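Engineer: Quick one, what's the 3D model for this:
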Amino acid sequence: MANELPNGNGAGAADTAPSLNALIQYTKDFSFENPKAPRALAQQDAQAGPQMSLQVNVGTSNIGGIDYETVLKLEGKAELNGETLFAFDLSYAGVFRLQNIPEEHIHPVLVIDCARLLFPFARQIIAEAVQNGGFPAFYVPPIDFAALYQQQVQGQPSAANS
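Structural biologist: Okay, the predicted model is just below:
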């Protein structure tokens, strides 16, 4: 009786509410390249800003029952005069438990909401790696995962690929 709500509904109502729980998050794969060091580091103050490129991909898989893995993959590089100053490739993942979510909503939740939860941590890993490579920290700009999902559904190329 302690779990009953004043209106007579028991805890059963809460058992059917949709829920998303992050169980764990981790770096699945990470690479940082600084191919022109130390030459590029010594010259960077006198140079104009490099040309940055970024590619974003979100992958998902069911790892058993109601548990899913979402992998946020961020690949980028900075080039100056046709030469790569630095490049990174990060796959940052999380395991999420989805309960009471209709089947047709599972994929959008994984690629939009779960990716949105992973993004700040992936962004920080990249910023620190670039800074530890001797460059000013590079913060990946905010990503609209809902817009990326809509582009994917419509078969359009991703706007984050530049």
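Engineer: all helices of this structure, in order?
Structural biologist: 12-15, 39-43, 103-108, 115-132, 145-154 (DSSP state H).
Engineer: Out of these, which is the most enclosed?
Structural biologist: Compared across those, helix 115-132 shows the largest average neighbour count, a mean of 18 (mean count of other C-beta atoms under 10 Å). In this view, the C-beta of every residue, glycine as well, is placed from N, C-alpha and C.
Engineer: ok and that one relative to helix 145-154, angle-wise?
Structural biologist: 110 degrees (axes from the mean of the first three to the mean of the last three C-alpha atoms, to 10 degrees).
Engineer: How far away from the center of its chain is stretch 112-126?
Structural biologist: Distance, stretch centre to chain centre, for stretch 112-126: 4 Å (C-alpha atoms, centre = their mean, to the nearest Å).
Engineer: Stretch 24-40 now?
Structural biologist: 16 Å.
Engineer: In a markdown table, list the helices of the chain along with mean pLDDT and distance to L23.
Structural biologist: Below are the helices of the chain laid out as a markdown table (pLDDT from 0 to 100; distance: least, C-beta to C-beta, whole Å):
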| stretch | mean pLDDT | distance to L23 |
| --- | --- | --- |
| helix 12-15 | 60 | 19 |
| helix 39-43 | 68 | 40 |
| helix 103-108 | 95 | 16 |
| helix 115-132 | 97 | 12 |
| helix 145-154 | 91 | 20 |
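Engineer: Ok, which of these comes nearest P50?
Structural biologist: Set against P50 and scored by C-beta to C-beta, those come closest in helix 39-43, at 9.3 Å.
Engineer: burial of the closest residue in space to V95 that isn't next to it in sequence, as a residue count?
Structural biologist: Distance criterion C-beta to C-beta, 6 or more residues apart in numbering; nearest residue to V95, sequence neighbours excluded, is L23 at 4.5 Å. L23 has 12 neighbours, counted by other C-beta atoms under 10 Å.
Engineer: next one: the one 5 residues further on
Structural biologist: Other residues near K28 come to 14 when the count uses other C-beta under 10 Å.
Engineer: Okay, it and N81: tell me how far apart.
Structural biologist: 33 Å (C-beta to C-beta, to the nearest Å).
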